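**Q** Turn this into a model:
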Amino acid sequence: MFQKILFVPIHGGSLLEMAPIAQKLVSDNTFEPVFFISSDIQERHLDLLDEKNFRKIHLNCPQKNDGREISQENLISSHDINKQKMMGLKKRVIKKLLSWVWFSFLFYFIKYARLLFNSKKLLSSEDVAGILVVGDRHIGWETALIKVANEWDIPTLIVPFDLSDPGSDAVGRFRKESVDLYRASSNIGRIFRRRFPNWVQETENGPLFFYPIGEALAAQLLGIMPEHPWSLGGGDAKRMAVESLNVYQNYLKEGIPSDKMEITGKPSVDQIYDQIQEMDGSTIRDELGIKSNQKMILCSVPQLAEHSLLSWEEHWQEIDFLFASLTGEPGVAFVLSLHPQSNPKMYQEIAGKYGAIIAPHRIYELIPICDFLVSTFSSVVVQAIGCGKPAIIVDFIGLNSPYFDQEPGVIVINERDRLIPTVKKLIYDDASYQQLVESQIESSSKWILLDGKCTQRVVDLLYEMLE
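**A** Down below sits the predicted model:
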């Protein structure tokens, strides 16, 4: 009977990132991977766990609204409609009450106390040797399990997944309807701002808390509030696997101690390595219907509404403009890579409008075979640099992240009228394009470890902790 390694993904993307690690544990015949599903992860990703015969501990979680109307075939009964209306009213009332600090504190204190109690029940019922998470700043199951694990001397490891950028996170909060809950300039905010300065990010529009103050205070009293919530590794996980030297240095600037981190590379990058070994990538191109001599634009579709940066109406306007700008040149294949949490059905209509191909493959398989990438500020830009592919970052909403300022192969577009000329230059100006490619290749090793051994290094670090 093997001891368990508990994997705690918070969404589909993190589940996919963890899957290669779990597969390596199985092939090594050392530990049994068990996935704790506590958030709204799509069925197609859960099916992957079933295909690999990974065991799931699955809590029932409702799916998020996708911003589209319910189709006729999915209409529900009038009884269910009335029930949903009552639930909607209840949620609105709770949302209003949560705007009051002390009600919010009481609400989250009860909620997170229950999570702590259930975390102890979970870890005592399973023979858990170690826990893998994608961060230690997400208050809830993640930080509750980490707290109990630390008390019981169970190793906790953060696996590489996303980038941490406090500036962009702050912009995202200013765009929320509930931004007032995050402001640290109120009377009560100023009190706790002095007491907990690490909870606050200073911005040109005023100081912000990472979490609303009532929720943060409840988490602090229960011992599950990360010390540096603006950084992905700012909580209490024992170790943190980091994907590259540049990412490591950025975390150092954010206050993560060096002895917590280990540069291992990102497991998904091993997919890029495998794809490069196929040389021309003709198999995937054939599957997508792209000719070998055809140029390919890869678009990592922005999640502007999904991340509450824009309303759904504004989101579709931005997506329409983006797709129209990227499909004006004849004979160029336009391929869409959707975020793992995006619903492909939502994008079929607009993809058809512009002749775009929604690729079923992970973006790690697509980057090596594209000519250049178009994205917002995202970790996929790191992979483009690593593969020597020029990248256009579209930032019309003012995230203004400095993350890639020193990379000449990454072009940040803030003005709409610059996008089409930039795309044309990458398509038709071979000399300029090649110069960008060479810049990316020169920076590659600073951003990713492209040797096919990233998963192995993460697993080795886990084994070292377990010893």
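**Q** where does the stretch 1-150 of the chain have low pLDDT?
**A** Counting by pLDDT under 70, the stretch 1-150 of the chain contains low-confidence ranges at 1, 59-99.
**Q** rerun that using 90 as the cut-off
**A** 1-2, 11-13, 38-48, 58-103 (pLDDT under 90).
**Q** which secondary structure elements does the helix or strand hosting A216 contact?
**A** If you go by DSSP states H and E, A216 is part of helix 213-222. Helices and strands touching helix 213-222, as assessed by 3 or more CB pairs under 8 Å, 6 or more residues apart in numbering; DSSP states H and E, comprise helix 101-125, helix 187-195. From N, CA and C alone the C-beta is placed, and that goes for glycine too.
**Q** can you put those helices in a markdown table and add mean neighbour count and distance to V459?
**A** Putting those into a markdown table (neighbours: other CB atoms under 10 Å; distance: least, CB to CB, whole Å) gives the following:
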| stretch | mean neighbour count | distance to V459 |
| --- | --- | --- |
| helix 101-125 | 16 | 21 |
| helix 187-195 | 14 | 41 |
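**Q** between these, which one is nearest to P368?
**A** Between P368 and the helices and strands packed on helix 213-222, the tightest spacing by CB to CB is seen for helix 101-125, at 39.7 Å.
**Q** now for that closest one, which elements pack on it?
**A** In terms of contacts (3+ CB pairs under 8 Å, 6+ apart), helix 101-125 is packed against helix 78-97, helix 141-151, helix 213-222.
**Q** Looking at the helices and strands packed on helix 213-222, which is nearest to R239?
**A** Proximity to R239 (CB to CB) singles out helix 101-125 among the helices and strands packed on helix 213-222, at 18.3 Å.
**Q** can you list contacts of that closest one?
**A** By CB atoms under 8 Å, 6 or more residues apart in numbering, the residues outside helix 101-125 that reach it are 6, 36, 57, 94, 97-98, 139-141, 144-145, 147-149, 152, 154, 181, 188, 212-215, 217-219, 221-222, 224.
**Q** what's the angle between that helix and helix 141-151?
**A** Between helix 101-125 and helix 141-151, the angle comes out at 60 degrees (axes from the mean of the first three to the mean of the last three CA atoms, to 10 degrees).
**Q** Packing partners of the helix or strand following helix 101-125?
**A** With elements assigned by DSSP H and E, the helix or strand that comes after helix 101-125 is strand 128-133. If contacts are counted by 3+ CB pairs under 8 Å, 6+ apart, strand 128-133 sits against strand 4-8, helix 141-151, strand 156-158, helix 454-466.
**Q** just to revisit the earlier point, so how do I select the buried members of the contacts of helix 101-125 in ChimeraX?
**A** Of the contacts of helix 101-125, the buried ones can be selected in ChimeraX as follows, counting by 16 or more other CB atoms under 10 Å:
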select :6,36,57,98,139,140,141,144,145,147,148,149,154,181,212,213,214,215,217,218,219,222,224
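**Q** any idea how far the closest residue to K52 other than its chain neighbours is from A184?
**A** Distance criterion CB to CB, 6 or more residues apart in numbering; nearest residue to K52, sequence neighbours excluded, is Q23 at 6.4 Å. Distance, Q23 to A184, using CB to CB, to the nearest Å: 44 Å.
**Q** Neighbour count: these two, which is higher?
**A** Neighbours of Q23 and A184, each counted by other CB atoms under 10 Å, are more numerous for A184; the result is 22 against 16.
**Q** how near is that one to K238?
**A** Relative to K238, and taking CB to CB, A184 is found at 30 Å.
**Q** cool, and S27?
**A** 25 Å.
**Q** quick one: which of those two has more around it?
**A** Between S27 and K238, K238 has the larger neighbour count (other CB under 10 Å), namely 18 against 9.
**Q** and that one, what is it in contact with?
**A** 150, 155-157, 260, 465.
**Q** where does it fall, phi/psi-wise?
**A** phi -70, psi -40 (degrees, to the nearest 10).
**Q** Kindly report the same for F36.
**A** Note on F36: its backbone torsions stand at phi -90, psi 110 [degrees, to the nearest 10].
**Q** quick one: pLDDT of the nearest residue to C454 once chain neighbours are set aside?
**A** By the measure of CB to CB, 6+ apart, the closest residue to C454 outside its immediate chain neighbours is G265, 3.1 Å from it. At G265, the model reports a pLDDT of 95.
**Q** what helix or strand is G265 on?
**A** Using DSSP H and E, no helix or strand contains G265.
**Q** Return the residues in contact with the residue lying closest to D320 once chain neighbours are set aside.
**A** Nearest non-adjacent residue to D320, counting by CB to CB, 6+ apart: I350, 6.5 Å away. By CB under 8 Å, 6+ apart, I350 lies in contact with 316, 319-320, 323, 356.
**Q** Assign Q341 to helix, strand or coil.
**A** Under DSSP: H, G, I helix; E, B strand; the rest coil, Q341 falls in the coil class.
**Q** Looks like it contacts S39 (just checking).
**A** No. Contact criterion CB atoms under 8 Å: Q341 and S39 do not qualify, at 9.8 Å.
**Q** Give the ranges of residues in the stretch 301-450 of the chain that sit below the confidence cut-off.
**A** In the stretch 301-450 of the chain, residues with pLDDT under 90: 303-311, 328, 331, 339-344, 362, 378-379, 397-403.
**Q** And the helices in it?
**A** Using DSSP state H, counting those that start in this stretch, the helices found in the stretch 301-450 of the chain span residues 312-326, 344-353, 363-366, 380-386, 419-428, 430-447.
**Q** Now render those as JSON lines, adding distance to V133.
**A** Converted to JSON lines, these look like this (distance: least, CB to CB, whole Å):
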{"stretch": "helix 312-326", "distance to V133": "29"}
{"stretch": "helix 344-353", "distance to V133": "27"}
{"stretch": "helix 363-366", "distance to V133": "21"}
{"stretch": "helix 380-386", "distance to V133": "20"}
{"stretch": "helix 419-428", "distance to V133": "37"}
{"stretch": "helix 430-447", "distance to V133": "23"}
